[in-house]
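Q: please work out how this folds:
(2 chains)
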Amino acid sequence: MTRGHIIFLLLILLGGTFIVFTLYKQKSRAPLGLSFSPVFQLIGKSTRSTDIAIARILPIDQMDEKDYGDAIANEYLLQTDIKDKNYIYLNALIREVSKFSKKKFNYQVFIASSPVANAYALPGGVICVTDRLLSTMTSEAQIVSILSHEMGHIERGHCFDAIKFELALKKIKSGTTGQLADIAINCFLRHSFSKTQENDADEYGYDLLVLTQYDPMGCSEAFKQLQKQEFKSRQSTIVSDYLDTHPPLPLRIEKFGQNATQWWEEHHGEKRYVGHKNLIDRISMSQQAHEFEWISDGLTL
Amino acid sequence: MIVAFILALVGNNKLWNLSRLVFYSLIMYWIAAFQTTFVTSTYIVPSTEMLNQPWVYGTASVLFQFIFLAYFYMKCSLENIEVPRSLLFLNRYISLINNKRNVYIFYPLIICTAVFLYWSYDSSILTLLWVLECAIVFIISILLKEQHFRYIALGSLAVCIIRLVFYDMVQASTLNRALVFLGVGLIMLGMNSLYNKFKTRF
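A: Numbers count the residues shown, from 1 in each chain, chains lettered A, B, ... in the order given. Just a heads-up that it's a prediction; the model follows:
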């Protein structure tokens, strides 16, 4: 070994020792003990980048996705009671939030009946929310953060990537072959980057929530409400961490809780809306804002 | 790109005797070019602030890659690279790249930049940006005294002019058309004067 190699090795060892010592002194406590999820998120970035590159090369664009989404929305509309209070409420919220969207989609929210609090995004601007989710969340800011997260999936092209081959091959009348290709890729590769995509959508959702007038802490609070639904305590193993489609909720709660706390520290005096009563009454802030729902520095005024 | 720079600097330093890092820096540079073009250009952020827009830091990344390219061309060599025994298979690829060094280090960035511009910028100024890139490739051909860069630059310029006449004339607004035509004209005049001045290099 040359002198240069030895010095290089010593620098790495010293740097690592310094990091460990600093963490020990700060008594850092991870919210979830040992978890491989952040590692899988990082590894998933390369697979995700390749998936994005393939989607860019294919001769399909936003308008193809819009047409696809409009077709899905029309199907859902046939089964939706458009006078339903929840439907009207959620679409009023998405209309406000989608003002920040960069894609020219007609964002719509539909309600699915399910005993599990969940939401999912479909290509072309369609978002589905279960009725259980509305009863699980406790404020309008939390609902908006969920809708922003789902918008993140659409804006960042996650839904589009899942159907890219179907859209591409439909142009040459081979849509079914494309569907099979999408299913195969999703089966084999989805687990490798689903957490990366969820983290991507989380970050988009948080950034979007900050742009609105809602409390940034709504993101972390929404995850806390969802965590209450997880009945069994999570045992983290490398296999379960790989197969999970989402990053662990404790990590998401801590990350966006810290982001929101930092945001409040940097924005003294600014007012943000929470909307507990708005959610109960199913009347959005844009239609009726209550003075007592505004908070400043993270505290009620 | 920062990692590529650090690897190139450390690999170049004879004191450290880690010459293979120069090759690794080239790989990092290719990955950065790919990432900027295919991932950064498609990234959507909800913010409308200028500094948060992907095209801004994508453009900064492209400029950074050009700086790295200049540094790599002037200071780094792929000859006499020492690899450990377990990585001896890399020697074949290193010598392959070294045989056509300029092709492997310039063309990835040139192609990725053209595609990045296409996906990031509005079509009304795209022709102007592409012509600017053609001018840069033309200057590279003068500096390196290699004909193929000149042919690529002139061929791409011809394509841009066809696009200018048949696409921009129809699609763009009057002001945009005027600005793009003026810009392209000035760049072509500049290329012509450079050619006249450095004719003997070709």
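
Q: CA atoms for contacts and neighbours, from now on please.
A: Fine.

Q: dump the C-alpha coordinates for the longest helix along chain B into PDB.
A: Ranked by residue count and defined by DSSP state H, the top helix of chain B is helix B:174-197. C-alpha atoms of helix B:174-197 as PDB (Å, rounded to 0.1, in the frame of the first residue of the first chain):
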ATOM      1  CA  THR B 174     -44.300  37.700 -34.600                       C
ATOM      2  CA  LEU B 175     -42.000  38.900 -31.800                       C
ATOM      3  CA  ASN B 176     -40.600  35.500 -31.200                       C
ATOM      4  CA  ARG B 177     -40.100  34.900 -34.900                       C
ATOM      5  CA  ALA B 178     -38.200  38.200 -35.200                       C
ATOM      6  CA  LEU B 179     -36.000  37.400 -32.200                       C
ATOM      7  CA  VAL B 180     -35.200  33.800 -33.200                       C
ATOM      8  CA  PHE B 181     -34.400  34.900 -36.800                       C
ATOM      9  CA  LEU B 182     -32.100  37.600 -35.600                       C
ATOM     10  CA  GLY B 183     -30.500  35.300 -33.100                       C
ATOM     11  CA  VAL B 184     -29.900  32.600 -35.600                       C
ATOM     12  CA  GLY B 185     -28.600  35.100 -38.200                       C
ATOM     13  CA  LEU B 186     -26.100  36.600 -35.800                       C
ATOM     14  CA  ILE B 187     -24.900  33.100 -34.700                       C
ATOM     15  CA  MET B 188     -24.400  32.000 -38.300                       C
ATOM     16  CA  LEU B 189     -22.500  35.200 -39.000                       C
ATOM     17  CA  GLY B 190     -20.300  34.500 -36.100                       C
ATOM     18  CA  MET B 191     -19.700  30.900 -37.300                       C
ATOM     19  CA  ASN B 192     -18.800  32.300 -40.800                       C
ATOM     20  CA  SER B 193     -16.300  34.700 -39.400                       C
ATOM     21  CA  LEU B 194     -14.700  32.000 -37.200                       C
ATOM     22  CA  TYR B 195     -14.500  29.700 -40.300                       C
ATOM     23  CA  ASN B 196     -12.800  32.400 -42.300                       C
ATOM     24  CA  LYS B 197     -10.300  33.100 -39.500                       C
END
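
Q: that one - contacts with which helices or strands?
A: helix B:123-144 (3 or more CA pairs under 8 Å, 6 or more residues apart in numbering or on different chains; DSSP states H and E).

Q: which stretches of chain B have low pLDDT?
A: Along chain B, segments meeting pLDDT under 70 span B:15-16, B:172, B:202.

Q: contact residues of it facing chain A?
A: Applying CA under 8 Å from any CA of the partner chain, we find that chain B lies next to chain A at B:15-17, B:35, B:38-39, B:42-47.

Q: what about 10 Å?
A: Applying CA under 10 Å from any CA of the partner chain, we find that chain B lies next to chain A at B:13-18, B:34-35, B:37-40, B:42-48, B:119.

Q: residue A:257 belongs to a helix, doesn't it?
A: Yes - the assignment for residue A:257 (DSSP: H, G, I helix; E, B strand; the rest coil) places it in a helix.

Q: what comes up buried for the longest helix of chain B?
A: For helix B:174-197, a neighbour-count test (16 or more other CA atoms under 10 Å in any protein chain shown) marks B:177, B:180-181, B:183-184, B:187-188, B:191, B:195 as buried.

Q: export the residues you listed as a markdown table, with columns for distance to residue A:20.
A: Output for those, formatted as a markdown table (distance: CA to CA, whole Å):
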| residue | distance to residue A:20 |
| --- | --- |
| B:177 | 60 |
| B:180 | 56 |
| B:181 | 60 |
| B:183 | 56 |
| B:184 | 57 |
| B:187 | 56 |
| B:188 | 58 |
| B:191 | 57 |
| B:195 | 59 |
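
Q: now for the residues you listed: which two are most distant?
A: B:177 and B:195 (26.7 Å; CA to CA).

Q: report how many residues lie close to residue B:114.
A: 16 (other CA atoms under 10 Å in any protein chain shown).

Q: which ones are touching the nearest residue to it once chain neighbours are set aside?
A: Taking CA to CA, 6 or more residues apart in numbering or on different chains as the measure, residue B:114 lies nearest to residue B:130, with 6.6 Å between them; neighbours along the chain are not counted. Residues counted as contacts of residue B:130 (CA atoms under 10 Å, 6 or more residues apart in numbering or on different chains) are B:113-115, B:117-118, B:136, B:156-157, B:159-160, B:184.

Q: got those residues as TSV, with secondary structure columns?
A: Output for these, formatted as TSV (three-state DSSP):
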residue	secondary structure
B:113	helix
B:114	helix
B:115	helix
B:117	helix
B:118	helix
B:136	helix
B:156	helix
B:157	helix
B:159	helix
B:160	helix
B:184	helix
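
Q: closest to chain A among these?
A: Closest approach to chain A among the contacts of residue B:130 (CA to the nearest CA): residue B:115, at 10.6 Å.

Q: how near is that closest one to residue B:108?
A: 11 Å (CA to CA, to the nearest Å).

Q: I figured residue A:82 hits residue A:108, correct?
A: No - if you go by CA atoms under 10 Å, residue A:82 and residue A:108 don't touch, sitting 11.6 Å apart.

Q: quick one, which of the two is more surrounded?
A: The neighbour comparison of residue A:82 against residue A:108 (other CA under 10 Å) goes to residue A:108, with 22 against 12.

Q: how about the more buried one: what's its closest non-neighbour residue?
A: Spatial nearest neighbour of residue A:108, chain neighbours left out: residue A:126 (5.2 Å); criterion: CA to CA, 6+ apart.

Q: which residue lies farthest from the center of chain B?
A: residue B:85 (33.8 Å; CA atoms, centre = their mean).

Q: give me the number of residues near whatever residue of the stretch 201-301 of chain A ends up closest to chain B?
A: Residue nearest to chain B within the stretch 201-301 of chain A: residue A:208 (5.6 Å; CA to the nearest CA). Using other CA under 10 Å, residue A:208 has 26 neighbouring residues.

Q: who's in contact with it?
A: Per CA under 10 Å, 6+ apart, neighbours of residue A:208: A:97-98, A:100-101, A:144-145, A:147-149, A:151-152, A:202, A:214, A:216, B:45-47.

Q: beyond the host helix or strand of it, next helix or strand please.
A: Using DSSP states H and E, residue A:208 maps to helix A:175-211. Per DSSP H and E, the first helix or strand lying C-terminal to helix A:175-211 is helix A:217-228.

Q: show me the contact partners of stretch B:6-22.
A: A:2-8, B:1-5, B:23-28, B:68, B:71-72, B:75-84, B:90-91, B:94.
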